[in-house]
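Student: pasting the sequence and the predicted model now:
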There are 2 protein chains.
Amino acid sequence: MSTGSEKAVVLVSGGLDSATTLAIAAEEGFETGAITFRYGQRHGVELEAAKQVIAAAGVTDHVEIEIDLRRIGGSALTADIDVPKAREIAEMSEGIPVTYVPARNTVFLSFALAWAEVLEADHIFIGVNALDYSGYPDCRPEYVAAYEAMANLATKRGVEGERLTIHTPLIDLTKAQIIARGIELGVDYGVTRSCYDPSPTGEACGECDSCQLRLKGFAENGLDDPAPYRAQAAA
Amino acid sequence: MSTGSEKAVVLVSGGLDSATTLAIAAEEGFETGAITFRYGQRHGVELEAAKQVIAAAGVTDHVEIEIDLRRIGGSALTADIDVPKAREIAEMSEGIPVTYVPARNTVFLSFALAWAEVLEADHIFIGVNALDYSGYPDCRPEYVAAYEAMANLATKRGVEGERLTIHTPLIDLTKAQIIARGIELGVDYGVTRSCYDPSPTGEACGECDSCQLRLKGFAENGLDDPAPYRAQAAA
């Protein structure tokens, strides 16, 4: 809990997890600044969603960073590799999926760290989740702890004795629990987008890993997902 | 020492330190890939220098990443803050200079890490130096060690058991020692650029911290710096 005057940088993607994380940071009393990334992702509709999420949360301090991860490649989200569809949920946790973007959270957190230093913020919130995304190395608690340790040695602010904390309020939650928490906090999930392969107008496919996990999370809460899906999708 | 088939990503800025680092990595038998950054720096002539350094070293695998650190600000190198001139060398080591760019090495290493994963490289070389740049938190050995620990938890490659090493061959060297080593390895320092505030045509000012440290390093080797300086500068 913050005393109300402390600043926090929140990584916002336009997805369900980060929208919930932003709401949690605000609930905990932090003055939030939102950082988003335009990184050559196929699902650029996420960025529009991010703006709506940030506006809906009443956050006015927003920085969008443009980085070209396509120059680096290596992922279905940024290179010309097919996004897997209609996999079983159990299958998703086997190994690291092709949607993994090399060192993505490390790159994102590094910009968040830079901005945090300029804002004099000692808190970063990131919506990583170790349960649903067990396949991503940079969503694990041990990774986040190591990042925090490094970050405290990386900056002028750290040298001057200020302690940076990386908050991962979703780390142990299931998708259903995340959604339940967000509903409690008044998050409008209708503006969030999670699909790895949406239509150009933003409708979700309903079949990629991300859509399936999301749909299951709403179903477990006895709710319909308010986000738009393509006609043929099992929304 | 590498067996000759191992790949390494080398961060190249166009400055003296990274040119020497690139030569050392090649000398140690690594197959090198060079990564450079266009980050809104005032001294954009560095980027032209970087291309010449890379070409001179015979490196063909090169990726240039464009990132806009100006959106983040907080430094004389990327924002509208004056670069200090004609300071005493002793004065430079007092506190952290305004030329410090928040979390810059963390951002740079994160892109290097992403590219290393795609290249299947287990080595990153960075020309940080703890003596001349004692004021920069992200040039200290403890920072680099913490970054390496984090990096080994961050990637698919790390999870699969490959160990990433971050090499800092210059960390304990004085500028004079770096130059002596580079001369030994045949580095052409005439194409490198170190000035924080060069003229549009690439002449160094001779008065900023970086120029002063560089000129002192050449002088201690009994050499003239082959790089161009403005007429009024004490080259």
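Tutor: Happy to help now that I have it.
Student: would you point out the helix or strand in chain A whose mean pLDDT is lowest?
Tutor: Ranked by mean pLDDT, DSSP states H and E, the weakest helix or strand in chain A is helix A:89-92, scoring a mean of 62.
Student: check which element follows that one along the chain.
Tutor: Counting by DSSP states H and E, the element after helix A:89-92 in chain order, helix or strand, is helix A:104-119.
Student: quick one: the helices in chain A?
Tutor: A:16-27, A:45-56, A:89-92, A:104-119, A:141-154, A:156-159, A:175-184, A:209-220 (DSSP state H).
Student: what residue in chain A is the furthest from its centre?
Tutor: A:Glu160 (29.9 Å; C-alpha atoms, centre = their mean).
Student: against A:Ser110, how distant is that one?
Tutor: Distance, A:Glu160 to A:Ser110, by C-beta to C-beta, to the nearest Å: 19 Å. All C-beta spots, glycine's among them, are computed from the backbone N, C-alpha and C.
Student: hmm, back to that, so for B:Val53, which of the helices of chain A sits nearest?
Tutor: When those are ranked by proximity to B:Val53, the top entry is helix A:104-119, at 24.4 Å, counting by C-beta to C-beta.
Student: any part of that closest one near chain B?
Tutor: Yes: residues of helix A:104-119 contacting chain B under C-beta under 8 Å from any C-beta of the partner chain: A:104-107, A:109-111, A:113-115, A:117-118.
Student: ok, and the most crowded of these?
Tutor: A:Leu109 (32 neighbours; other C-beta atoms under 10 Å in any protein chain shown).
Student: surely that one and A:Ile166 touch.
Tutor: Yes: with contact defined as C-beta atoms under 8 Å, A:Leu109 counts as touching A:Ile166 (7.3 Å).
Student: so what sits against both of these two?
Tutor: A:124, A:126, A:147, A:151 (C-beta atoms under 8 Å, 6 or more residues apart in numbering or on different chains).
Student: and for the second one, the neighbour number?
Tutor: Think A:Ile126. By other C-beta under 10 Å, 27 other residues sit near A:Ile126.
Student: that one is in contact with A:Thr106, isn't it?
Tutor: No: using C-beta under 8 Å, A:Ile126 is not in contact with A:Thr106, being 11.2 Å away.
Student: what sits in contact with each of the two?
Tutor: Contacts common to A:Ile126 and A:Thr106, judged by C-beta under 8 Å, 6+ apart, are absent.
Student: the longest strand in chain A is where?
Tutor: In terms of residue count, the longest strand belonging to chain A (DSSP state E) is strand A:31-38.
Student: could I get that one in CSV with only the CA atoms?
Tutor: What follows is strand A:31-38, C-alpha atoms only, in CSV (Å, rounded to 0.1, in the frame of the first residue of the first chain):
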residue,chain,number,x,y,z
GLU,A,31,-0.1,7.8,-8.6
THR,A,32,0.3,5.8,-11.8
GLY,A,33,2.1,6.6,-15.0
ALA,A,34,1.4,4.2,-17.9
ILE,A,35,4.0,3.0,-20.4
THR,A,36,3.1,1.2,-23.6
PHE,A,37,5.1,-0.3,-26.4
ARG,A,38,4.7,-0.2,-30.1
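Student: which of the residues in that strand are buried?
Tutor: Within strand A:31-38, the residues scored as buried using 16 or more other C-beta atoms under 10 Å in any protein chain shown are A:31-37.
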